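Build me a model:
(2 chains)
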Amino acid sequence: MGEHGNGDPRDSGAVINAGDGESGQYAVDDPGLPPHRPRLADEDEKTAKRSERQVAVLFLVSIIGTVIFFIGYFVVGHTADLHEVRLQNTLLGLGVAFAMLGIGLGVVHWAKTLMPDHELVEARKPLRTEEQRQEAEQIVGDVLEESGIKRRPLIRNTLIGAAVLAPLPAVVLFRDLDLSEDFGPERMRHTIWDEGVRLVRDPTGTPVRAADLTVGSAMHIVPETLLDITDHGEKLAEKAKSVVLLIRMDPEEIQTVSEGREDWTYEGIIAASKVCTHVGCPVALYERHTHHLLCPCHQSTFDAANEFEVIFGPAGRPLPQLPIAVDDEGYLVARSDFTEPVGPSYWERGNA
Amino acid sequence: MKALSQKRRHPFAGVALLLLGLLVTGGLYAAATTINEAQASSETQEYSASDIDEGEKLFAANCASCHGINAEGTDDAPSLIGVGAASVDFQVGTGRMPMQMQGPQAQRKPAQFNDEQTQQLAAYVASLGAGPSVPGEEHLDAEEGDATRGGELFRINCAMCHNAAAAGGALTEGKFAPSLHGVEEKHIYEAMLIGPQNMPVFNDANIPPEDKQDIIAFLKTYESQGTPGGFALGSLGPVSEGLFVWSGGLALLIGAMVWLTSRSS
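I've put the predicted structure just below:
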């Protein structure tokens, strides 16, 4: 190897030089590689020295970067003051950036200016001989013979049995990863809203009277039963499905009330799921005069005066509405769960 | 009943009926005004008659062309009867009113009226019908509020429109939720109370005054502390950050590639 590249700057180092391929066989001959052009540092010792210094400076930058990192880590940012945290973040980031970039840029600059830049071709290594191959085969045969696996079928068969059975625990363990009973499509179909469940404010958990909402008001609501769930993960999972936006508009501005929904609202108070029917972002950007509800992710717009009909954007169906009523004590309660699954469409959802 | 129907042609029957009618009307009126007074007494500010007079003159000169000569509203602008002093203090105090031009929504600009004139206008509009009054000082002190609790309330009630960093955001058809940085405590409070323009109302039954104070405390703390993460790029999230990385970062990568593959001179 390396026969053609000995590092002499006057030698092009190319395996095939221009004109080597002149055989008359092709219309255009292989032009080969361009002749080697020496760099400034190859010929001028002063330039080489300067490049050397530049590389060293870049490595020094890396050293300083590491020092900056440790200053940021150990010296700064041990108070609660956010300004100091900000300074710490800056020092950590810049320190690591300089430490890495200094080494990287330095090595590249070193290779580009000072290391030999001739091209060379490494010839393919010769293949192994037939003898060596037979020797390897012999070793495998000897091992099989000495282990006696052919002569002692009892060992062989029990080994096969053990090897087949050993992976089975893994199969059983992986089956536990299937949480479709907990998080499957059927769980998406229902929320914890139910008949008589009070509407309470998020996050304070106080119940709501109809009189608390003036025309134009908007409230962020969760079911009262959510407060009883103690497990944090469970609570989040249920909250994600049951969040509701409660708004009040002038009852005369409600334009559409379809059959069966006549008693779903209370004197202009309307409750709707906050989960977008497109991909499930929280829809809560409510404009009180236009009655538009805007989803911030993909600009789906729902019209609260027309049963949350989609008037713009990619959402496929209206936001599910929560039927509400007032209980004996004057607090707002749900009449039932949502009558359709909340959130985005999914395969098992059906047309409900 | 028989005796009554026999006496219905009595010469004094008409007079008696008239008296009865007057008594009923007067009684109802008295009851109604007491209720109104009860509402008005919850307001913190009392305006003098001269304030109302001056306010009426200012209103006629500056506002009546859109809101109508008696603030009854026109096709161009809503009625101001019953919007309360807080609405006037917010809209005029932040320069949103008088509006520069018709558009999707009135925008913040330097206030056109001084504090006294704003108060006079507020006095006049408050005299037209009961409405939310200008909040007193007791719930405006950010130092007194709990910023952590305010942050939670803000993220649930406000952040969807105003952005988690209160940097504002777009709504439909050219409307937008403005940035809340640099907004006076009083105006933040009033905006929640009245729901200006398309903002929903967050009255005291929904967010009690103490909670409003917590929200103000959160906003002011956020404003004074700044962001710990370096360049906020307008706190607009993936839009501005994406633009920065895709343009700046890609240019940097291409530059590095050109340098790596170029030959040293």
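
Following the chain onward from the host helix or strand of A:Gly104, which element is next?
Take DSSP states H and E as the rule and A:Gly104 turns out to sit in helix A:82-113. Counting by DSSP H and E, the next helix or strand C-terminal to helix A:82-113 is helix A:130-147.

for the record, mean pLDDT for the helix holding A:Gly104?
Per-region confidence: helix A:82-113 scores 92 on mean pLDDT.

Tell me the buried residues in it?
A:82, A:85-86, A:88-92, A:95, A:98-99, A:102-103, A:105-106, A:109-110, A:112-113 (16 or more other Cβ atoms under 10 Å in any protein chain shown). Every C-beta, even on glycine, is put in place using the N, C-alpha and C of the backbone.

Tell me how far it lies from the chain's centre.
Relative to its chain's centre, helix A:82-113 lies at 26 Å (Cα atoms, centre = their mean, to the nearest Å).

quick one: the strands in chain B?
B:169-170, B:176-177 (DSSP state E).

domains in the chain, as residue ranges please.
Using chain A. A:1-124, A:134-175, A:189-349 (automatic domain parsing).

wrong one, chain B
Using automatic domain parsing, the domain parsing of chain B gives B:49-128, B:137-233.

so can I have JSON lines of the ones you listed showing mean pLDDT and distance to chain A?
Converted to JSON lines, these look like this (pLDDT from 0 to 100; distance: least, Cβ to the nearest Cβ, whole Å):
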{"stretch": "domain B:49-128", "mean pLDDT": "90", "distance to chain A": "9"}
{"stretch": "domain B:137-233", "mean pLDDT": "90", "distance to chain A": "3"}
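
dump the residue contacts of A:Pro207.
A:Arg198, A:Leu199, A:Val200, A:Glu224, A:Tyr331, A:Leu332 (Cβ atoms under 8 Å, 6 or more residues apart in numbering or on different chains).

Now with 7 Å, please.
A:Arg198, A:Leu199, A:Val200, A:Glu224, A:Tyr331 (Cβ atoms under 7 Å, 6 or more residues apart in numbering or on different chains).

now A:Ala48
By Cβ under 7 Å, 6+ apart, the neighbours of A:Ala48 are A:Ala41, A:Leu114.

quick one, strands of chain A?
Under DSSP E, chain A gives strands at A:199-201, A:218-223, A:244-248, A:269-273, A:285-287, A:292-294, A:301-303, A:309-312, A:321-322, A:324-326, A:332-334.

for the domains of chain A, which one ends up most surrounded?
domain A:189-349 (a mean of 18; mean count of other Cβ atoms under 10 Å in any protein chain shown).

for the record, mean pLDDT for it?
Here the average pLDDT along domain A:189-349 is 92.

What's the end-to-end length of that domain?
8 Å (Cα to Cα, to the nearest Å).

cool, and stretch A:289-296?
End-to-end distance for stretch A:289-296: 18 Å, by Cα to Cα.

Quick one: the contacts of A:Pro207 as JSON lines, columns for distance to chain B too.
Shown next, in JSON lines, are those (distance: Cβ to the nearest Cβ, whole Å):
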{"residue": "A:Arg198", "distance to chain B": "15"}
{"residue": "A:Leu199", "distance to chain B": "12"}
{"residue": "A:Val200", "distance to chain B": "12"}
{"residue": "A:Glu224", "distance to chain B": "16"}
{"residue": "A:Tyr331", "distance to chain B": "12"}
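
Could you dump the residues you listed into a markdown table and include distance to B:Ile215?
A markdown table is the format used below for the contacts of A:Pro207 (distance: Cβ to Cβ, whole Å):
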| residue | distance to B:Ile215 |
| --- | --- |
| A:Arg198 | 25 |
| A:Leu199 | 22 |
| A:Val200 | 19 |
| A:Glu224 | 24 |
| A:Tyr331 | 25 |
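
Among the residues you listed, which one lies nearest to A:Tyr73?
Proximity of these to A:Tyr73, judged by Cβ to Cβ, is greatest for A:Val200, which lies at 45.2 Å.

Just list the residues touching the closest residue to the closest one other than its chain neighbours, thanks.
Nearest non-adjacent residue to A:Val200, counting by Cβ to Cβ, 6 or more residues apart in numbering or on different chains: A:Glu224, 4.8 Å away. Counting by Cβ under 7 Å, 6+ apart, A:Glu224 touches A:Val197, A:Arg198, A:Val200, A:Pro207.
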